[in-house]
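K.L.:
predicted coordinates and the sequence they were generated for:
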Amino acid sequence: MRKLKPMHAPDILSQFNIVDDCLQIGGMPLTRLAQRVGSTPFYACDRGHLSQRVALLRRHLPPSVHLHYAMKANPMPAIVQHMAGLVDGIDIASGAELRVALDTGMDPAHISFAGPGKNHRELACAVAAGIIINIESAQEMLRIADIGAVLGIRPKVAVRVNPDFELKASGMKMGGGPKQFGVDAEEVPALLRQLGALAIDFEGFHIYSGSQNLSAAAISEAQEKTFTLAARLAADAPSPVRTLNIGGGFGVPYFPGQERLDIAAVGHRLQDMLPLAGSVLSGAQIVIELGRYLVAEAGMYVCRIVERKLSRGRVYLVTDGGLHHHLAASGNFGQVIRKNYPVVIGNRVHGGAREAATVIGPLCTPLDVLAEDMEMALGEVGDLVVVLQSGAYGLSASPISFLSHPPALEVLV
């Protein structure tokens, strides 16, 4: 007898109401939403949940800390527009994201641009827009200065620092050791002296050390080290630090056994750090940049069962969705050992009969698996399979053209 993969942590499902055994999103039964959308597969995101998540952070983070949305987590224009009305700024990672951010009406002074390899067109657009560009190298700094001279504009820049530490226990390490991101901390003083001789306005530092972290202690330790590093580097800055982006890294639970981040503990510890930071970075605006934590739990991916198939004792639920829409749920986006995202039959969440089933898509590859040997309600042709925790790094992080299957739709409800 096969050992079933655990379903999910109980509280993951509790974020959405269930009425008559059917998931509700945005106050609407999933079955009705599917009819409204008109076809499957699709992503749906609950705007009320987005607002609640920002409100949670406002309650627990120090009031003086600015909250930015890292739109790479989900660049859907409707979501970015909604978030722009809730947060203090937007962080982008491409020229296309810049256009979406500017369309929201967000003050360009509160938009920042990070990422290695920004091309000339992207940099020129960013300089012309008046946003803050996070410098990733000395070469990029010189290119920005040249663009500013041609346009007759003093570019606004912050130095992205590759710190000499990492965010412990993070799902993805963005700092410490050799990295493609930012300027190595030991090289920053020389770069700052060079920057002071250019027609560039220095805004501050961007120090991002890791992501998808569920340990309040690890996050607080990294924040403390970030303040210490920024204070040390500020001694060589050509002008006072106006902004210090201390990154984010706040994680969300996806898999059995994972506990939610204690955001109250993070906020309390950060409040204790601010007086010391203020004494050495007087007047600097502290920014926390979050993406996944803001949107992941508000979203779901919905596909429809098109066939039940039995192969040597294993039940396969064949759907019209798959890894081309949701690479992360297939286990091919950052997982070393594949683990199941929380998956349910959305129109019969608990169900009468239950079974162990493997949910697959229509792609001709063994990688196209959305749930493997997972306990769920017995699914029939026409039922809606839902992958929860799907509001971040979903469609935009997936190979949507792979095998030329139709794209998924996206809705905000």
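P.N.:
Thanks, I have it.

K.L.:
for the rest of this, base every contact and every neighbour count on C-alpha atoms.
P.N.:
Noted.

K.L.:
pull the distance from the helix or strand containing residue 307 to the chain's centre.
P.N.:
Secondary structure assigned from DSSP states H and E places residue 307 in strand 299-311. The chain centre lies 26 Å from the centre of strand 299-311; the measure is Cα atoms, centre = their mean, to the nearest Å.

K.L.:
for this structure, what helix or strand is lowest in average pLDDT?
P.N.:
strand 172-173 (a mean of 52; mean pLDDT, DSSP states H and E).

K.L.:
and the next helix or strand past that strand?
P.N.:
strand 183-184.

K.L.:
next helix or strand past that following strand?
P.N.:
helix 188-195.

K.L.:
I'd like the next helix or strand past that following helix.
P.N.:
That would be, after helix 188-195 and using DSSP H and E, strand 201-206.

K.L.:
report the buried residues of that following strand.
P.N.:
Neighbour-count burial for strand 201-206, counted by 16 or more other Cα atoms under 10 Å, picks out 201-206.

K.L.:
helices along the stretch 201-350 of the chain, start to end?
P.N.:
216-234, 263-280, 292-295 (DSSP state H, counting those that start in this stretch).

K.L.:
right, so those helices: which one is the most enclosed?
P.N.:
helix 292-295 (a mean of 28; mean count of other Cα atoms under 10 Å).

K.L.:
restricting to C-alpha, output that one in CSV.
P.N.:
Presented in CSV, the C-alpha positions along helix 292-295 are these (Å, rounded to 0.1, in the frame of the first residue of the first chain):
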residue,chain,number,x,y,z
ARG,A,292,5.2,36.8,-2.0
TYR,A,293,4.1,37.6,1.5
LEU,A,294,1.6,40.1,0.2
VAL,A,295,0.0,38.1,-2.6
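
K.L.:
need the helices of the stretch 201-350 of the chain in TSV with mean pLDDT, can you?
P.N.:
Converted to TSV, the helices of the stretch 201-350 of the chain look like this (pLDDT from 0 to 100):
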stretch	mean pLDDT
helix 216-234	94
helix 263-280	92
helix 292-295	98
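
K.L.:
flag the shaky bits of the stretch 1-150 of the chain, pLDDT-wise.
P.N.:
Counting by pLDDT under 70, the stretch 1-150 of the chain contains low-confidence ranges at 1-13.

K.L.:
go again using 80 as the cut-off
P.N.:
1-14 (pLDDT under 80).

K.L.:
and stretch 123-142, end to end?
P.N.:
Distance between the two ends of stretch 123-142: 11 Å, counting by Cα to Cα, to the nearest Å.

K.L.:
got the buried residues for the strand holding residue 307?
P.N.:
So for strand 299-311, counting by 16+ other Cα under 10 Å, buried means 299-306.

K.L.:
is it possible to get a markdown table of the residues you listed that adds pLDDT and distance to residue 159?
P.N.:
As requested, the buried residues of strand 299-311 are arranged in a markdown table below (pLDDT from 0 to 100; distance: Cα to Cα, whole Å):
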| residue | pLDDT | distance to residue 159 |
| --- | --- | --- |
| 299 | 98 | 33 |
| 300 | 98 | 36 |
| 301 | 98 | 37 |
| 302 | 98 | 41 |
| 303 | 98 | 43 |
| 304 | 98 | 47 |
| 305 | 98 | 49 |
| 306 | 98 | 51 |
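
K.L.:
now those residues as JSON lines including distance to residue 340?
P.N.:
What follows is these, written out as JSON lines (distance: Cα to Cα, whole Å):
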{"residue": "299", "distance to residue 340": "16"}
{"residue": "300", "distance to residue 340": "14"}
{"residue": "301", "distance to residue 340": "14"}
{"residue": "302", "distance to residue 340": "16"}
{"residue": "303", "distance to residue 340": "16"}
{"residue": "304", "distance to residue 340": "18"}
{"residue": "305", "distance to residue 340": "18"}
{"residue": "306", "distance to residue 340": "21"}
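
K.L.:
report the two of the residues you listed separated the most.
P.N.:
299 and 306 (22.8 Å; Cα to Cα).

K.L.:
send the alpha carbons of stretch 193-211 over as CSV?
P.N.:
This file holds the C-alpha atoms of stretch 193-211, laid out as CSV (Å, rounded to 0.1, in the frame of the first residue of the first chain):
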residue,chain,number,x,y,z
ARG,A,193,33.6,57.9,-3.8
GLN,A,194,33.3,57.5,-7.6
LEU,A,195,29.6,58.2,-7.5
GLY,A,196,30.2,61.5,-5.6
ALA,A,197,32.1,62.8,-8.7
LEU,A,198,29.2,62.1,-11.1
ALA,A,199,26.0,64.1,-11.8
ILE,A,200,23.9,61.6,-9.9
ASP,A,201,21.7,62.0,-6.9
PHE,A,202,22.5,59.4,-4.2
GLU,A,203,19.4,58.2,-2.4
GLY,A,204,20.7,55.4,-0.2
PHE,A,205,21.1,51.6,-0.1
HIS,A,206,19.2,48.5,-1.1
ILE,A,207,20.3,45.4,0.9
TYR,A,208,18.3,42.2,0.2
SER,A,209,19.8,39.0,1.7
GLY,A,210,17.2,36.3,1.1
SER,A,211,13.6,35.3,0.5
